Structures are given as structure tokens and as C-alpha cells.
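**Q** Okay, here's the prediction I keep looking at, along with the sequence it came from:
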Amino acid sequence: MSKNLSPKEVFDAKPWTGKLRSYDIIKEGTIAVVVVALLVVSLSFLFGSPDEKSLTFKGWAESNSDNFYATAVQELAGTSGTATYGRPYNEGSDGLNVGPLFLQKWAGVTHRIDAANNFVIEPLMNQVQTPEVKAALTQWSQASVDARTKWATTYDDAITKAEGKLSAIPAGEYGPVPALANGLTQMAKAGSLDAALLSQGGFFQTDSTKQILFFGDGAYLDDAGTAANLQGGTWGMMNETGRYPGQAWLWLYSFWYQIPPFTNEESHPIGANADVYIMVIMGAMSLGLILIPVIPGVRSLPMRIPIHRGIWRSYYQSEGIKRRRK
Amino acid sequence: MWTARARESWQKNLPIEKLIPDTQPAYVVSWIYVFGVLTIAALSVIIISGLALAFAGPAWYHTSDFGHWVNSLHFWSVQLFFAFMVIHLWGKFWMAAWRGGRMKTWISGAVVFVLSIATGFTGYLIQTNFDSQWIAYEAKDGFNSAGIGAFFNVTNLGQMLLLHVAFLPAVLGLLTLIHVLMVRKRGVVPPIDANSSNTEASR
């Protein structure tokens, strides 16, 4: 033991030589397990647990066909959230930053996603298609990259100008894009896109990244999240579907998303990069929790705020120990 | 021989009197002390209900009433586990339980708390329902922004499933065991205002 320790520290470290009381640790553990098990069984019978059915592309295409169609066009045009995301999916943007640090870029592209091909072209090519869609696929695959980009972005702009109303889009030089978007919409309505996106022509697959990202590019998932009160700006991170407790232990993480400048995505540099700033803050705070015993000020709080007088009240009373002032 | 030295070290640091004691200091009488063992009790219910869910697969509880009930056991045991653990953590903070060479005990407990959040989070990601779709989509941005998403891909169901049922519980279980053994070795931290001049033995 170090010679620099105070008498109190030496005392705290030594085996206790004061009064003892009888104790049965096995009995205590057994009682705790039985009590908790009974409590859990009671709660499970009384309240059950949440299980909101997962969303499907079929549901999206059937309930909001125009939005699905417009999202497919964005994937082809390279203007969707996924296509412009950046690492780890592609080089679509630099991503978020903390000052000069672009942490998002440091590991590079590890899960490459080519939104046009992975979300639209490959699923269409892996299914039996109508002659119109087949011809559109052929035209798309034989065209130059510039021609594809021009068709798709022109059509994407036209949809935006028409505020998503497909019937209001004027005729134009859109190439095979309307036929491809329509083919994918029909495929989604038939219920075959969910599996096609997952398998990508293979058999075993356990990675749902492509479906999740495609979902997020449209309004369907976002609307469902809003309806279920799960948005980050309304403490959604710690909420659960239905009337169930969620991950309440994430309250501090969720807290930062409720206050400025993190709430304003337009404010620079913090609001626009809120995700990475909050990750850094929470990483530092987690490290702080772990290292409390060596943080001056924090480690002495328990001695300054006498909550311990309540915890050990009977001991202090029986020994006649008054509070030591520092 | 290192095996003999390990045995001797174990006997010296954790004799049966410390490992399974039949007495404890008289000051250990507050209700706050109950929450440590309650946390471990909840963890045991989590592991048992989780094993049942693991045997039947992640989508079982969507189609089976019994499966849904087992899922409910898992759900509520997790809720209680965190409630007990947070109370335990606060209790130990106000006791300044790192005193007297117990800093490693605090650190191991705090790491268990952070790791438990990660384990619970992966559990929410493998529910294979709307909630897991939503959490995966929302959470990916935070991890990606910090560069963590390159290795911890919250939208990859297979990766999250394996982390949740294999890697994280193994590490969590081991760290919990180490934490408990540390408590048994050092004993429960004495009251803040206690000192050698006011214990029974020194009078």
C-alpha cells in the first residue's frame, strides 16, 4: 500500500474490524431471484410487451404509391438521402464533422451501396418483367452515364416542380426512367421487392442495410415514426411503440436533441453536425462516469452533500458519530 | 508453476469466508444495498428468457402466444434490470464506494453499465418489428458520423443478432462476475464518516 495514503484511506482499505451482523449471501441471492422472477412474471401477464408489425415495401407502395415512385426516381437520379450520404456507403458527401475532424470519413466506404443499381436496377433485373420494363432496362444499361443522369435528374426535377403529383408532370425527355420507376412500384405492390432487395440475387442474407436505407429515403418510414411519437426531437430515442416504457436509460443521449443549438439543423457548425457532436459529448460523459473516482470535484461530492448520513443513519446513531466538516 | 501460484493467490485474496461470508459489517443495513443483488437477479431472468428466445429464433414471438409471453418476460426483466442498476449506481456514488482501494470495483461496475446500454440497444435492433426498423434507421447516423458505423452496422440484422446473443452477454457476464468478486475481495466500503477511532474494535 502506498505510503502517501491518509489514515482515513488506510482505514477504508483495511478489513472491517467493527461490529458485525450475521449474513447469508446464498439466501439473499435466492430471495432476490425469486422476488424479481415473480415481479417479471406479474408484469408480463399484466402488460405484455410491444410488437408493432414491421413495415414493408408492399405497404409503402400500396398506401403512398406516388411517394414510392418518386423515391425510386431519386435513387436513379442520385439525389436520394442514401445516394448523397457519404461514408460508409459511398462517396456522395463528406459527411458530418467536428471542427476539422471528419470522423465519418476515416474508415472509408465499408458497406458500398450504389442506390440506383442496388435499389432499382438489380431488383428489376432479378425478376421476370413486362416487355415495357425489359425494354427500359435495356435502354438504361446501354446508355452512357451522362444520359442516365440527364434523364433521371430531369424527371426528378419535374416531379419536385409538380410537388409529387405524378399526373401533373409534363411530357419530357425522361428516357426509360418512368418505365423503370413504374416497374419497381408494381414490383413493390406485388410484394416481391422486400425479398429481392435483401437477397440481391443470392440465397442466404442477414444484412438488412439496403432495405432500411431505401425505406428512409421516402416518407413512409418517417411518417410512421412521427405517428408513433418516435422522432428524435420529441424524445423519440427513448420511446417505445404503444404505451410501453422504452430505453429510458438513453434519456441523456436524447436530451441533447431537445435543446439548441442541436435542435437547429441549419445552425453551423454544431446544429448541422448535431449527430457527431452528441456522440462525442456522450462518449466523453461515459468516460467521465467510469473515471469519477479520479475526477477532482466530482469525486468529493458525496462527502460534501451528506446523502450518506441517511444511508448509514443507524450506524452513525449507534456509534454516536457526527458529520465531519471539511 | 503458475497454476500453483494462481491457486495460492485465489486462496489468499478470496478465501471462502470472503466469497460466501456468514457475517458482514453492521453498517450494511440500508435498503440501498439490496439493489446490487436485485440487478444480478434481473440479469439472471434476462439470460434465462433470452436463451429461450435464442433457441426459437428472433421472429418466433411474432407468431406464437407463448413466444410473445417469453418476449414479455425478457422485456420486463430488462426494464427492471436497468431500474435496479441505476439505483445501485447512484447509491454507490453517494457512498463514494471507490474509497479504500475500490476504484477498480467502481470502474468495472460503470463499464458494465455502459456495456449494458449497448447490449440493450442491440436487443431493440433485433426485435424484427417496426420499432427495430425505426431504431436502426435513426441510430445509424450517430454511429456513422463518428466513424463507428463502419464496424458496428446497426442496420445489419445478422451482426446485431450475433453481438446481442453471443459477444455482448459473454463480456457482460464476465465483467459482472469480476465486479462481484472484487466486492467480495475488498468488502463493502465503510461509512464515509467512520474511522479507526470510532469502531468497536479500536475502543
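**A** Looks like it came in fine. Everything numeric here is computed off the predicted structure, so don't read it as measured data.

**Q** Which parts of chain B are helices?
**A** Counting by DSSP state H, chain B has helices at residues B:2-13, B:16-19, B:34-56, B:60-63, B:65-94, B:103-125, B:130-145, B:157-162, B:168-186.

**Q** Identify whichever of these lies nearest to A:Tyr316.
**A** helix B:65-94 (14.4 Å; Cβ to Cβ). Backbone N, C-alpha and C define where each C-beta goes, glycine included.

**Q** name the helices or strands packed onto that closest one?
**A** Packed against helix B:65-94 by the contact rule (3 or more Cβ pairs under 8 Å, 6 or more residues apart in numbering or on different chains; DSSP states H and E) you find helix A:25-47, helix A:301-304, helix A:308-311, helix B:34-56, helix B:60-63, helix B:103-125.

**Q** do the second one and chain B meet at all?
**A** Just to be clear, that refers to helix A:301-304. Yes. Legend: contact between helix A:301-304 and chain B by Cβ under 8 Å from any Cβ of the partner chain is shown at A:301-303.

**Q** Quickly name whichever of those residues is closest to chain B.
**A** Set against chain B, the nearest of the residues of helix A:301-304 next to chain B by Cβ to the nearest Cβ is A:Pro302 (4.0 Å).

**Q** That closest one and B:Trp90 touch, don't they?
**A** No. The pair A:Pro302 and B:Trp90 fails to qualify as a contact (Cβ atoms under 8 Å) at a distance of 10.5 Å.

**Q** quick one, which of the two is more surrounded?
**A** A:Pro302 (21 against 13; other Cβ atoms under 10 Å in any protein chain shown).

**Q** ok, that one - contacts?
**A** Contacts for A:Pro302 were tallied using Cβ atoms under 8 Å, 6 or more residues apart in numbering or on different chains; they are A:308, B:93-96, B:192.

**Q** Need the per-residue pLDDT for whichever residue of the stretch 201-326 of chain A sits closest to chain B.
**A** Using Cβ to the nearest Cβ, the single residue of the stretch 201-326 of chain A nearest to chain B is A:Thr206, 2.7 Å away. A:Thr206 is assigned a predicted lDDT (pLDDT) of 92.

**Q** and the closest residue to it other than its chain neighbours, what pLDDT?
**A** Setting aside the residues directly before and after it, A:Thr206 is nearest to B:Gly158 in space (Cβ to Cβ, 6 or more residues apart in numbering or on different chains), at 2.7 Å. pLDDT recorded at B:Gly158 is 96.

**Q** all strands for chain A, in order.
**A** Here chain A has its strands, by DSSP state E, at A:20-22.

**Q** can I see the domain layout of chain A?
**A** Listed by automatic domain parsing, the domain ranges of chain A are A:2-47, A:57-227.

**Q** what do you get for chain B?
**A** According to automatic domain parsing, the domains of chain B span B:30-78, B:95-191.

**Q** Relative to A:Ala116, which of those is closest?
**A** Once the domains of chain B are compared by Cβ to Cβ, domain B:95-191 is nearest, at 19.2 Å.

**Q** returning to that earlier point: could you redo the helices and strands packed on helix B:65-94 as a markdown table and give each row distance to A:Leu5 and mean pLDDT?
**A** Below are the helices and strands packed on helix B:65-94 laid out as a markdown table (distance: least, Cβ to Cβ, whole Å; pLDDT from 0 to 100):
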| stretch | distance to A:Leu5 | mean pLDDT |
| --- | --- | --- |
| helix A:25-47 | 29 | 98 |
| helix A:301-304 | 16 | 96 |
| helix A:308-311 | 21 | 96 |
| helix B:34-56 | 26 | 97 |
| helix B:60-63 | 54 | 96 |
| helix B:103-125 | 13 | 98 |
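
**Q** okay, the ones you listed in JSON lines with distance to A:Pro293 next?
**A** Shown next, in JSON lines, are these (distance: least, Cβ to Cβ, whole Å):
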{"stretch": "helix A:25-47", "distance to A:Pro293": "26"}
{"stretch": "helix A:301-304", "distance to A:Pro293": "11"}
{"stretch": "helix A:308-311", "distance to A:Pro293": "16"}
{"stretch": "helix B:34-56", "distance to A:Pro293": "18"}
{"stretch": "helix B:60-63", "distance to A:Pro293": "42"}
{"stretch": "helix B:103-125", "distance to A:Pro293": "4"}
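
**Q** Out of these, which gets nearest to A:Met125?
**A** Ranking the helices and strands packed on helix B:65-94 by proximity to A:Met125 (Cβ to Cβ) places helix B:103-125 first, at 30.6 Å.

**Q** Helices along the stretch 51-200 of chain A, start to end?
**A** A:57-63, A:65-77, A:122-125, A:131-142, A:145-161, A:177-189, A:193-199 (DSSP state H, counting those that start in this stretch).

**Q** list the buried ones in the fourth one?
**A** It refers to helix A:131-142. A:133, A:136-137, A:139-140 (16 or more other Cβ atoms under 10 Å in any protein chain shown).

**Q** just the angle between that helix and helix A:65-77, please?
**A** 20 degrees (axes from the mean of the first three to the mean of the last three Cα atoms, to 10 degrees).

**Q** Which elements pack onto helix A:131-142?
**A** Using 3+ Cβ pairs under 8 Å, 6+ apart, helix A:131-142 sits against helix A:122-125, helix A:177-189.

**Q** So what's the gap between it and the chain middle?
**A** Offset of helix A:131-142 from its chain centre (Cα atoms, centre = their mean, to the nearest Å): 36 Å.

**Q** and if you look at the fifth one?
**A** In terms of Cα atoms, centre = their mean, the gap separating the centre of helix A:145-161 from the centre of its chain is 30 Å.

**Q** Put the alpha carbons of that helix into CSV.
**A** Provided in CSV are the C-alpha atoms of helix A:145-161 (Å, rounded to 0.1, in the frame of the first residue of the first chain):
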residue,chain,number,x,y,z
VAL,A,145,-23.7,7.6,-67.5
ASP,A,146,-24.3,11.2,-68.6
ALA,A,147,-27.5,10.2,-70.5
ARG,A,148,-28.8,8.3,-67.5
THR,A,149,-28.1,11.2,-65.2
LYS,A,150,-29.8,13.6,-67.5
TRP,A,151,-33.0,11.6,-67.9
ALA,A,152,-33.3,10.8,-64.2
THR,A,153,-32.5,14.3,-62.9
THR,A,154,-34.8,16.0,-65.4
TYR,A,155,-37.6,13.7,-64.3
ASP,A,156,-36.7,14.1,-60.6
ASP,A,157,-36.9,17.9,-61.1
ALA,A,158,-40.2,17.6,-62.9
ILE,A,159,-41.7,15.6,-60.0
THR,A,160,-40.4,18.1,-57.5
LYS,A,161,-41.8,21.0,-59.5
